[in-house]
Structures are given as C-alpha cells and as structure tokens.
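Undergrad: Could you work out the structure for the sequence below:
(2 chains)
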Amino acid sequence: MFAKALGIRLFLSELKVMFTRRRTWAMLAAIALIPILLAVAVALSSARLAPGEGPPFLVEVTQNGLFTGFTAMMLAMPLFLPLTVSVVAGDTIAGEAGLGTLRYLLISPVGRVRLLVMKYLASLVFILAGTFTLMIVGAAIGAILFPVGPVTLLSGFTISIFEAFGRMALVALYTTVSLSGMAAVGLFISTLTTVPVGAMTATLVTSGVSNILGSIPQLEWMHAWLFTYYWPYFADLLRAPIEWGSMLNNIVLQLGWIAVFGALAYGRFTTKDILS
Amino acid sequence: MAQQLAIETRGLTKRFGDQKAVNSISLEVPSGSVFGFLGPNGSGKTTTIRMLLGLAEATEGEIKLLGTEIPKDLEKALPRVGALVEGPAFYPFMSGRNNLLRIDAADRFSDASTRIQRVEAALDRVGLHNAGNKKVHAYSLGMKQRLGLANALLKPRDILVLDEPTNGLDPQGTREVRNLIRSLSAEGITIFLSSHLLSEIEMLCSHVAVMSAGKIIAQGLIEDLRNEEPTRLILKTDDIDAAVETLKANGIGKAKILGDQITCEVDPALDVASLNAKLVSKKVSVKEIRLQRSSLEEKYVKLTGEGFEVVR
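TA: As a prediction, the model looks like this:
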C-alpha cells in the first residue's frame, strides 16, 4: 500500500524501461570513454605540459591518477553530459507519445501528474548514473596508468586517498544537481511534441543558448540566473575547506528552474489532448 | 426501468480549429451489448473513443462511461475499461511479457501481488504464451494486435473498447479474435467495437451506430437497421410474361426485368416454396428462385455514400 501510494513500482518500471534500452547503455559507455581517452592520451604522450596549458588538472593527472575523473568532468560538463541529458529528458514524454505507449499508460490509468513526476525522477537517476560512471571510470583508469597517492588540492592542502573518493562522489552529486534544471527544461519541451528527436535537440539548444548568454559580459546581470552558471564550479569542492556556498547556491538555482519548468510541464501535460 | 447504458454521450463535440471532427453525437451503448461503431476512415470514430477514454477533452457535451462522468471521474471508470485504441503500441526493445508488466505497473489501481499471474493469463488468452519472451520488434503486426488485446484483458473489465481489433490479422487470427470477443461478451462484458469492416460488425454485433463526417447518422439494433432496406425476390426464367403475371396475381408487383431475371421487392416473410409451386403450376419454367436479404452493406453505403474520396 505504501509502495503504491508513492508510486515506487511505477518508478522501478520507469528505470527498467530506461535500462533495457541499448541507447542508455551506449550513452553510459560513451561517458566512460571520456576519462579513458583522456588518460590514454596523456599516458602515451611524452610532451610535458607547462602549468596552465590544456584543461585544468591535466598536469596533475600524470602525477596522481585520481585526478583523471576531475579532469574528465571538466571536459564533459560543457557539452557531452548535457547532450546525454537532453536525450533522456527530451525523450521522457515525447518518446512515449512517439511510440504510442503514452495513450496506453494514460488509460491504464497512470495519472498524468504521477507519470510526469516519475519520468523526471527517472531522468535524474540517469544523470546520477552518468556522473558516477565518469568519476568511477576516471579513478579506475587513472589508477591503472598513473601513480596514485594522497591528493594535493587546489589550495595546496593534501587529503588522503580515502577522502579523495569522498570528494569524487561529491563532484558527481554536484554535477547531477547542476544538470537537474536542464532536465526539467527537457521535460517541459518533451510535453510539447510527439517527436522525441525534436525535443532532444531543442533541449540541447537551450543549454547552448544558456552557455552563450553566460559568456557575454554585457549580460552579466543575468549570469547567476542561468541554469548553466554553476556547471564549472564543481571545482569548488576541490578546495580545503570545501566551499559549500557554491553548492548551496547551485541547489537553490536548480530548484528554481525545476519549479518553473515543472509547473509549465504540469500545466501543459495535464490539459493536453493525447492524439498520438 | 430504463435499460442501463454502458456508454452514453450527449451532444458530444470535438472541434479542431474550425472543423468539427465530432459533431454533437449522442451515443447510447446498452450494457451487455456488442456495439458496432461503424464509419469510413476519418469520420470521427477514433476521436470519439479518445474522448470516451479521457485522452482528449470534449469541446462540448457530456460523457457517461459505466455510469461515471468523464472526464470528472475518469479514474473511477478506467480500471474497469480495457481498450485497444488506434492500433497496439509497445516498447519494441522489450519483450511482450515485460511490456504487459510495465503497463500493469503503471496502473495505479492494479494489484502487484497478482500481476505476474494476470499477465500470464492474458498472454494465454490471446495465444501468445510461447512468444512472451520475444522482443516486440520481432512481432508481426498480428502478434502486436494480440498483445494489445492481452493488455486490454489484464484485469476483469466491464467494458472493452476495441478500435479495429482485427487489423493486420490473418484469417485464422481474425476468427480467433472474433471467438474471443464472443466469449467475452458471453461473460457479460460490454463490447464497443469500432470498425470499418462491415462483415465483422454484422457477424458480431447486436447494436450498431454509423458515423459519417462527424455525425451519427443511424443507431440502434442491427436487425432494425438492416430491415429498413427491402428484401428482394430474384427469379430466373425464360417465361418472363407468364411469370410476371403470376407474381402480380400473388400481390408482387413492380418487377424489374433484366434478360431472364426478374427482381422485385417483397415482404421479408414471403413463402418462396409456395410461390415456386404456383409458378410451376402456371407452367413457368423456374431456373432459379431465391430471396435476397438486405445486407448491412447496402444500408451502410446508402448512409455514407459510395464515394472512395475522403469526405473532408
């Protein structure tokens, strides 16, 4: 009864559908490839980078393999992770509509609000799986190819290997939070169409636009409101002591985006004629 | 007491832009009936079904489904409704069995403890037991159609809304579905069967409504509708004049003659055997004599027009 009220079974069913798809696994595999490519490229090249050259932490990777995950996240955050998020979030409702399964879910009856909430939660699970995949594979490949030891943080402070794993998990959580607003935007866009590819593309475009707006200095007043604003700031977790302020602001910002676009998705989806 | 209605609509209208896809229809589907919902493609059948099931909102009018108001008490009615709407739809990358488990898990009123049993029973009932583990993308259209029916039968239902249920099935499959519908109807389930296949409706249904261009143009017992068309006597003979004479003497007039064939409208209760005896006694050599019962098809074509062209 409890499970029923919370819709846990529907949630598990959502996850089962998602993780039965080969596409989901292909995306996770592609995410895993980022730190692998990075580590192999660094290991094979004899050229030594001058400090400040290449992406942040790249120099550190050769000295301590545990940095591989952080560096890979720096590379994946602007485009690749959002790409996978747009695929999953854009597919939520539009994918079901495109297959025609939406009408059968609704007459089962699933309850429109319930479906919307479960779809969103399932897309968060995917993001979580993606960010953790990246960090875990990063740590693993780094440990294979490079020496591993206590990690010297940006502030010069050194933490133990054990604590470094804790920081990795925090980075994965932080980036998941960072992408949760975008997932809500994708959910809303997904209620607008029966063509999933259209919803996916449109969702990706919103993150691109947000990134562009974020890089125009004249629009600085709006920067802190963009859902992409905190995307690079997971590095704040690599300081000692951790700057929790950025984490907190990020959570508040993303909750705002979730509230607005969740409400829009609700307004749209609960009154929509399902003609697919 | 008035007959109970499983579906009742009043002035139901759906407007898309300035076109009325469904134009003020009043359906009356008696409980326990097998109700044929006939109409050419694009006449508004599926739109009507979508409104009945709460998928689309009516522009105007009222709907009562199993005595509850739609869309106000939609969730009260839906668990008692099994439906196949505009073809089956499943996740192609999942097995038939997992697809059914998924849809049942989505149903907020279904009992999880009996889920596996119910899914197996539904697969059995439509003859998909052995194909349950196959992925749906490997299913033929007919198998998907069966899986769609299995989905409609996941729980005990009071009404089944079936939109073109035999679409894509081979002759055996069609027969089986027909038998399935008969046995479900015998269990007391109301069947609302939308189709453009007249023979199917004629074989299965007790009641019928005919839709054309968004309106219901005829509704009632299938017998009554059929009997609105005349029964014809077909007589083939070489002694045309003598035959016409004899027919007239027996009160059958207005004979149409074409070659050696006489056709005239008669009372459906006409005793052909005794008429034949009279003809023979008048030395009319009868080559063929028979009654041609009016068919639903005739009535249908008369109602909806001959044209192949899409009406709108």
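
Undergrad: C-alpha from now on. contacts and neighbour counts both.
TA: OK.

Undergrad: Enumerate the residues of the stretch 1-150 of chain A near chain B.
TA: A:4, A:7, A:9-10, A:13, A:17, A:20-21, A:99-101, A:103-111 (Cα under 8 Å from any Cα of the partner chain).

Undergrad: Pull out the buried members of these.
TA: Neighbour-count burial (16 or more other Cα atoms under 10 Å in any protein chain shown) applied to the residues of the stretch 1-150 of chain A next to chain B gives A:4, A:7, A:9-10, A:13, A:17, A:99-101, A:103-111.

Undergrad: Following element in sequence after the biggest helix by length in chain A, please.
TA: Taking DSSP state H as the assignment, the helix of chain A that covers the most residues is helix A:112-145. Remark: after helix A:112-145, the chain's next helix or strand is strand A:151-152, criterion DSSP states H and E.

Undergrad: What is the least confident helix or strand in chain B?
TA: Ranking every helix and strand in chain B by mean pLDDT, DSSP states H and E puts helix B:296-304 at the bottom, with a mean of 80.

Undergrad: got the contact list for it?
TA: Applying Cα atoms under 8 Å, 6 or more residues apart in numbering or on different chains, the external contacts of helix B:296-304 come out as B:39, B:40, B:198, B:202, B:210, B:212, B:217, B:225, B:226, B:228, B:229.

Undergrad: between those, which has the most around it?
TA: residue B:39 (26 neighbours; other Cα atoms under 10 Å in any protein chain shown).

Undergrad: What number of residues are in the vicinity of the nearest residue to residue A:237 once chain neighbours are set aside?
TA: Of all residues not flanking residue A:237 in the chain, residue A:243 sits nearest, at 6.3 Å (Cα to Cα, 6 or more residues apart in numbering or on different chains). Residue A:243 has 15 neighbours, counted by other Cα under 10 Å.

Undergrad: close enough to count as contact, residue A:243 and residue A:234?
TA: No: using Cα atoms under 8 Å, residue A:243 is not in contact with residue A:234, being 9.7 Å away.

Undergrad: that older thread, show me which of the contacts of helix B:296-304 is closest to residue B:7.
TA: residue B:210 (15.5 Å; Cα to Cα).

Undergrad: Spit out the contact partners of the closest one.
TA: Contacts of residue B:210 by Cα under 8 Å, 6+ apart are B:37, B:38, B:39, B:216, B:217, B:218, B:219, B:300.

Undergrad: need the residues of the stretch 101-250 of chain B near chain A, please.
TA: B:102, B:103, B:104, B:105, B:106, B:107, B:108, B:109.

Undergrad: 7 Å instead, please
TA: Counting by Cα under 7 Å from any Cα of the partner chain, the residues of the stretch 101-250 of chain B close to chain A are B:102, B:103, B:105, B:106, B:107, B:108.

Undergrad: Checking residue A:92 next. Helix, strand or coil?
TA: helix (DSSP: H, G, I helix; E, B strand; the rest coil).

Undergrad: what sits against it?
TA: A:119, A:187, A:190 (Cα atoms under 7 Å, 6 or more residues apart in numbering or on different chains).

Undergrad: And for residue B:219?
TA: Residue B:219 sits in contact with B:208, B:209, B:210, where contact means Cα under 7 Å, 6+ apart.

Undergrad: Where strands are concerned, which of the residues you listed count?
TA: Within the contacts of residue B:219, residues falling in strands by DSSP state E are B:208, B:209, B:210.

Undergrad: With pLDDT added, can I get those in a markdown table?
TA: Listed next are the ones in strands among the contacts of residue B:219 as a markdown table, based on pLDDT from 0 to 100:
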| residue | pLDDT |
| --- | --- |
| B:208 | 94 |
| B:209 | 95 |
| B:210 | 92 |
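
Undergrad: Number of residues surrounding the closest residue to residue A:229 other than its chain neighbours?
TA: Leaving aside its sequence neighbours, residue A:229 sits nearest to residue A:223 (Cα to Cα, 6+ apart; 6.3 Å). By the measure other Cα under 10 Å, the count of residues near residue A:223 is 19.

Undergrad: Residue B:64 - nearest residue in space that isn't next to it in sequence?
TA: residue B:8 (5.1 Å).

Undergrad: Work out for me the element that neighbour sits within.
TA: For residue B:8, the host element (DSSP H and E) is strand B:5-16.

Undergrad: ok, that strand: who's next to it in the sheet?
TA: Next to strand B:5-16 in the sheet, as set by DSSP bridges, lie strand B:19-25 (antiparallel), strand B:28-30 (antiparallel), strand B:60-65 (antiparallel).

Undergrad: buried set for that strand?
TA: So for strand B:5-16, counting by 16+ other Cα under 10 Å, buried means B:5, B:6, B:7, B:8, B:9, B:11, B:12, B:13, B:14.

Undergrad: For residue A:99, give me its contacts.
TA: Taking Cα under 7 Å, 6+ apart as the test, what residue A:99 contacts is B:89, B:90.

Undergrad: Buried residues in the longest helix anywhere in chain B, which are they?
TA: Criterion DSSP H: the longest helix present in chain B is helix B:171-186. For helix B:171-186, burial by neighbour count (16+ other Cα under 10 Å) applies to B:173, B:174, B:176, B:177, B:178, B:181, B:182, B:184, B:185.

Undergrad: re the thing from before, can you verify my assumption that the residue nearest to residue A:237 contacts residue A:233?
TA: No: between residue A:243 and residue A:233 there is no contact under Cα atoms under 7 Å: 10.0 Å.
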